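**Q** Here is my input; please provide its structure:
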Amino acid sequence: MGLNVEIVTPAAVAFTGEVSEVQVPGLLGEFGVLPGHAQLLAVTQPGRVTLQTEEGPEMLLVGAGFAEVGPDRVTLLVDLCEAVGAVDRATLDKELADAIAALGSVDVESDEGLQIQKRIDLATARLQD
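**A** Numbering: from 1, shown residues only. All right, here's what the predicted structure looks like:
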């Protein structure tokens, strides 16, 4: 028995398939899901999702969102999903530097500050080795 995993973004279904295990970047830390897991609803943060497929591990980068977990299903509703390494390092370094500079000129608790913090979190997740 495996897990049916679906990763959905506002634009499309980014991944659908059966895996034996999935690792998800939760708001309070990474968590793993195996078949038979208890039902769970969790907030996710930008980071890497690792899917254990028959062909081996597959890693995807996701943005912030939610995870709905059941005994045989995991659904991630996220604002972004892309292959790890899809954006070159120089571009990511510039995105991160620009976002950090922009955060210094706004109230970090304002809507604009929160949006800039999301950009920083995503750039940081993309830069993980």
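
**Q** quick one: low-confidence parts of the chain?
**A** Along the chain, segments meeting pLDDT under 70 span 1, 129.

**Q** For burial, what's the neighbour tally of residue 81?
**A** Using other CB atoms under 10 Å, residue 81 has 20 neighbouring residues. To be clear about C-beta, it is placed using only N, CA and C from the backbone, and glycine gets the same treatment.

**Q** er, residue 90 actually
**A** Summarising burial for residue 90: neighbours were counted as other CB under 10 Å, giving 8.

**Q** Ok, residue 111 next?
**A** If you count neighbours by other CB under 10 Å, residue 111 ends up with 9.

**Q** Which positions within the longest helix along the chain qualify as buried?
**A** Longest helix of the chain, by residue count under DSSP state H: helix 111-127. Of all the residues in helix 111-127, those buried under the rule 16 or more other CB atoms under 10 Å are 116, 118-123, 125-126.

**Q** For it, name the packing helices and strands.
**A** Using 3 or more CB pairs under 8 Å, 6 or more residues apart in numbering; DSSP states H and E as the contact criterion, the secondary-structure elements in contact with helix 111-127 are helix 89-103.

**Q** Report the distance from the helix it packs on to the chain centre.
**A** Taking CA atoms, centre = their mean, to the nearest Å, one finds the center of helix 89-103 at 19 Å from the center of the full chain.

**Q** Can you tell me what sits against it?
**A** 113, 116-117, 119-120, 123-124, 126-127 (CB atoms under 8 Å, 6 or more residues apart in numbering).
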